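In: Test case, fold it:
(2 chains, ligands or ions: 2)
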Amino acid sequence: MFKTIVCVKAVPDPKRASEIKIDPHTKTLTRANVPLVLNQLDKHAMEAALELKSEVGGEITAVSMGPPPAAAVLKECLAMGADQGILLSDRAFGGADAYATAYTLARGIEKIGSPDLVLCGMASSDGSTEWVAPELGVFLGLPVVTGVKKIDESDGKWWQIEAHIDNGHRLLKVELPAVLAVTRELNTPRNISFSGIIKARKKEIATWDVKALGVPESQLGLAGSPTIISDLRVSESKRKVEILEGTREEKAEKLVQKLAAAGML
Amino acid sequence: MSGSTGPVWVFAEQNEGSILPVSFELIGQAKKLADELGTSLEVVFLGDAVRDQVQVLFAAGADRVYLGEDPGLKYYQPEMYTEIIVKLAKEHHPEIFLLGSTACGKELAPLVAARLETGLTAHCIDLTLDEEKQLEQIIPAYGGLISIVCPEKRPQMATVAKGVFPKPDTTEHREGELVLLEISDLKQQRIQLIKVVHEEERGVPLESAATVVAGGAGAQGPEGWAKIAGLADELGAALGSTRPPVDEGWVELDRMIGQSGKMIAPELYIGVGVSGELQHMVGIAGAKLMVAVNSEPKAPIFEQVDVGIVDDLQEFLPVLIKKIKEYKTEVA
Ligand SMILES: Cc1cc2nc3c(=O)[nH]c(=O)nc-3n(C[C@H](O)[C@H](O)[C@H](O)COP(=O)(O)OP(=O)(O)OC[C@H]3O[C@@H](n4cnc5c(N)ncnc54)[C@H](O)[C@@H]3O)c2cc1C
Ligand SMILES: Nc1ncnc2c1ncn2[C@@H]1O[C@H](COP(=O)(O)O)[C@@H](O)[C@H]1O
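Out: Ligands and ions are numbered 1, 2, ... in the order given. Down below sits the predicted model:
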């Protein structure tokens, strides 16, 4: 049976992410109550898994590393059509950089069993390192392709992939099992149906902690992260703004004068 | 190599045989770091028939160049490139290793870092050394700047976008040591490159444009976006964007300005419906004149520009475009 694993991240709602700020005095983050949502690009990864399932059959497992409320995004994946959801959650996973995140996900994926395909989003909206998929590939010993915009699965174990490069694209073949990091051009994520919600409601999200993974804490979370934040600073702009006042017409007029004076018209 | 500190490394990326500008910019900054550390600057350079480029690397500051030449290395191939670099790094123990934030660099850097079991920082906007001579990797986040260090693992790895560091001065006949890599016994390939297709950039290129009009989430949809694009057209400007319009599919990814997009320094920047998040603003910090149009008087962008207009872009842009047209006919 064709086994697909989709890595999904619960991220602070990007529309409200700017509410998370550095406190200049304590140098810590002031987290307003920004709700967690399913990372947008991971919806495209889920959609790709579902479309492939309708072609080649099999089973889709959505996996996420995050705090307990991240279970909600796995429920959303179940509602889209995933067969099961697994949350990797433990205090010891906290503070993970991309390396420790990928490491933890790799150990979780190994516990789920050997996949035929691992799908990730190209980037998370909060971390946005684009590192997790490649590092995951290394830790799983699988080939990785990032920037995926087209998948042709017609040729047995060698899939043909179109992926982004700067100013163009590359066409390549990758041997399965593999890790693919997908972009928004790949597909349009489906809307969640009412029956999907009902189905998801009946399913449990399994939660695996450090013990379940059987990995020493020294390799996980903050302890397992090679990089650490050493300083937080508030940045100040040196510019001083002049706000143009008046009616709409007057404001436009004044701006045109300024642009003309600067030789920009 | 002097003392116990390993060399500073830069990966020189080439496209059709020419080294990318970002690689030279990194060499410039890496040279400063290497001097401060009292160590050498070394460049890893892979390609096919590219030996004629090596002197340029020496001229830009490389003390040593590791050159891997093979028809199979003409284009970036993740498995081969990773294998070669990992092997080399295990032999020479670089202290620092920098790569450009290109499509290739962004994939190659984590592949190498994970294999070397070390840390990596994405899209840095500055690289300095702290008192302990650790690499301080600066990124914007949460309305401020964050320094990231990698205290125990080596090399300290980072990717940096084009335009963050200036082009280095070159010394034409500067000499360096060329080390030719033996390219053999490359591992069995699970990824096979079929072809690479270069696409022409559509529209006015962002990086060379004198004027850039950047739109943000404030466009609220394709219609609002069309108005912003209309302003860019009227001004003969390049169209830029923040991240949300790219995520929404109103505009291509290659139009994104900022930490994980393009870093540019136009004469004039006009941000429309842009809130002023630092991850975007670092991309245009070098602009001469900066203008913002935003309906929210408290939008943070008003603290970061020279001229501000508080208005609804949907209403204001048509009026502005009309006034620009009038001005143009007057002058003509
Ligand atoms: C690691 C990382 C890297 C990132 N890299 C980048 C990057 O390279 N580039 C980038 O841009 N972003 C980047 N981001 C995202 C960045 O944090 C912000 O989310 C993004 O820049 C916000 O875009 P925006 O200003 O368009 O949207 P918003 O913050 O949503 O702002 C929209 C603005 O439009 C205004 N507005 C609304 N309606 C109207 C109207 N009718 N008329 C006029 N104004 C209106 C609002 O007042 C608001 O100020 C990155 C994020 C992370 C975590
Ligand atoms: N905590 C996480 N849990 C599950 N998947 C993740 C997690 N973090 C990142 N990913 C996956 O890695 C992709 C890239 O994330 P990033 O490297 O943070 O930009 C995301 O789109 C997800 O598919």
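
In: now the chain, which segments are flagged as low pLDDT?
Out: No chain was given, so I picked chain A. Counting by pLDDT under 70, chain A shows low-confidence ranges at A:24, A:27.

In: Please refer instead to chain B.
Out: Within chain B, the segments meeting pLDDT under 70 span B:1-3, B:185-188.

In: Show me which residues of it sit near ligand 1.
Out: Applying CB under 6 Å from any ligand atom, we find that chain B lies next to ligand 1 at B:216-218, B:220, B:242-244, B:256-261, B:273-275, B:277, B:279-280, B:283, B:294-296, B:299, B:312-314. Heads up, the C-betas are built off the backbone N, CA and C, glycines and all.

In: can you give me the strands for the stretch 101-250 of chain A?
Out: For the stretch 101-250 of chain A, the strands defined by DSSP state E, counting those that start in this stretch occupy A:117-121, A:144-152, A:158-165, A:168-175, A:178-182, A:205-208, A:228-234, A:242-243.

In: Reformat those as CSV; add mean neighbour count and distance to B:Ser18.
Out: Formatted as CSV, these follow (neighbours: other CB atoms under 10 Å in any protein chain shown; distance: least, CB to CB, whole Å):
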stretch, mean neighbour count, distance to B:Ser18
strand A:117-121, 28, 32
strand A:144-152, 21, 22
strand A:158-165, 20, 15
strand A:168-175, 19, 15
strand A:178-182, 27, 28
strand A:205-208, 18, 49
strand A:228-234, 15, 37
strand A:242-243, 12, 43
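
In: Now distance to A:Gly94 too, for those, in a markdown table please.
Out: Shown next, in a markdown table, are the strands of the stretch 101-250 of chain A (distance: least, CB to CB, whole Å):
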| stretch | distance to A:Gly94 |
| --- | --- |
| strand A:117-121 | 21 |
| strand A:144-152 | 26 |
| strand A:158-165 | 32 |
| strand A:168-175 | 34 |
| strand A:178-182 | 24 |
| strand A:205-208 | 15 |
| strand A:228-234 | 13 |
| strand A:242-243 | 43 |
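
In: what about B:Ala161, distance to A:Ser18?
Out: Distance, B:Ala161 to A:Ser18, by CB to CB, to the nearest Å: 22 Å.

In: Compare these two and say which is more crowded by neighbours.
Out: Remark: of B:Ala161 and A:Ser18, B:Ala161 carries more neighbours, 25 against 18, as counted by other CB atoms under 10 Å in any protein chain shown.

In: neighbours of B:Val164, just the number please.
Out: Neighbour count for B:Val164, taken as other CB under 10 Å: 22.

In: Quickly list the domain ranges of chain B.
Out: Using automatic domain parsing, the domain parsing of chain B gives B:8-180, B:211-331.

In: ends of the shortest one, how far apart?
Out: Between the opening and closing residues of domain B:211-331 there is a gap of 20 Å (CA to CA, to the nearest Å).

In: Stretch B:161-178 too?
Out: This stretch, stretch B:161-178, spans 27 Å end to end (CA to CA).

In: next one: that stretch to chain centre, how far?
Out: 17 Å (CA atoms, centre = their mean, to the nearest Å).

In: is it true that B:Ser23 lies in a strand?
Out: No. Going by DSSP: H, G, I helix; E, B strand; the rest coil, the assignment for B:Ser23 is helix, not a strand.

In: these two touch, right, it and B:Phe11?
Out: Yes. In this structure, B:Ser23 is within contact of B:Phe11 by CB atoms under 8 Å, at 7.2 Å.

In: Tell me who's in contact with A:Thr207.
Out: Counting by CB atoms under 8 Å, 6 or more residues apart in numbering or on different chains, A:Thr207 makes contact with A:68, A:71, A:86-89.

In: what's across from it in the sheet?
Out: A:Leu87 (DSSP bridges).

In: Could you report the distance from it to chain B?
Out: Relative to chain B, A:Thr207 is positioned 26 Å away (CB to the nearest CB, to the nearest Å).

In: if I look at that residue, how far off is B:Glu132?
Out: Using CB to CB, A:Thr207 is found at 40 Å from B:Glu132.

In: give me the residue from chain A nearest ligand 2.
Out: When scored by CB to the nearest ligand atom, chain A has A:Gly121 as its residue closest to ligand 2, at 2.5 Å.

In: And the stretch 151-300 of chain B, by the same measure?
Out: For the stretch 151-300 of chain B, CB to the nearest ligand atom, closest residue to ligand 2: B:Ser260, 9.3 Å.

In: Return the distance of that residue relative to chain A.
Out: Separation of B:Ser260 from chain A (CB to the nearest CB): 6 Å.

In: and the closest residue to that residue other than its chain neighbours, how many neighbours?
Out: Nearest non-adjacent residue to B:Ser260, counting by CB to CB, 6 or more residues apart in numbering or on different chains: B:His123, 4.9 Å away. By other CB under 10 Å, 24 other residues sit near B:His123.
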